[in-house]
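> Structure for the following, please:
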Amino acid sequence: MEPRPVINLEETIGKTVGRRVAPKNGTGLQVTLNEVLASQRRGICPKGVYRFNSHEEADQWMWKMMNRKKAT
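Predicted coordinates:
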């Protein structure tokens, strides 16, 4: 196994691609997700154990559960 190359941390980067600022932490996303789930008063899918014959069948069922109408 060859040794990994050493990264020079003091090297200046010549070109920057994009101007996206990385989020400082994930709390904003988590708060938004919690608000959405609380407003729906239900989870993404019903609780329980489900068995599927394929990943495609499981994905189709998951989309159906996520897009179902809320019972009033």
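> Could you use CA atoms for every contact and neighbour count after this?
Will do.
> Send me the helix or strand where residue 37 lies as CSV with only the CA atoms.
Using DSSP states H and E, the element containing residue 37 is helix 27-40. Written as CSV, here are the backbone C-alpha positions of helix 27-40 (Å, rounded to 0.1, in the frame of the first residue of the first chain):
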residue,chain,number,x,y,z
THR,A,27,-30.2,23.2,14.0
GLY,A,28,-32.2,25.4,11.5
LEU,A,29,-33.0,22.4,9.3
GLN,A,30,-33.9,20.2,12.4
VAL,A,31,-36.2,22.9,13.7
THR,A,32,-38.0,23.2,10.4
LEU,A,33,-38.4,19.5,10.1
ASN,A,34,-39.8,19.3,13.6
GLU,A,35,-42.3,22.1,12.8
VAL,A,36,-43.5,20.3,9.7
LEU,A,37,-43.9,17.0,11.4
ALA,A,38,-45.7,18.6,14.3
SER,A,39,-48.1,20.4,12.0
GLN,A,40,-49.1,17.2,10.3
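> I'd like to know how far residue 37 sits from residue 9.
From residue 37 across to residue 9, the span is 43 Å (Cα to Cα, to the nearest Å).
> I meant residue 32, not that one.
Relative to residue 9, and taking Cα to Cα, residue 32 is found at 36 Å.
> for residue 20, same thing?
Here residue 20 is placed at a distance of 21 Å from residue 9 (Cα to Cα).
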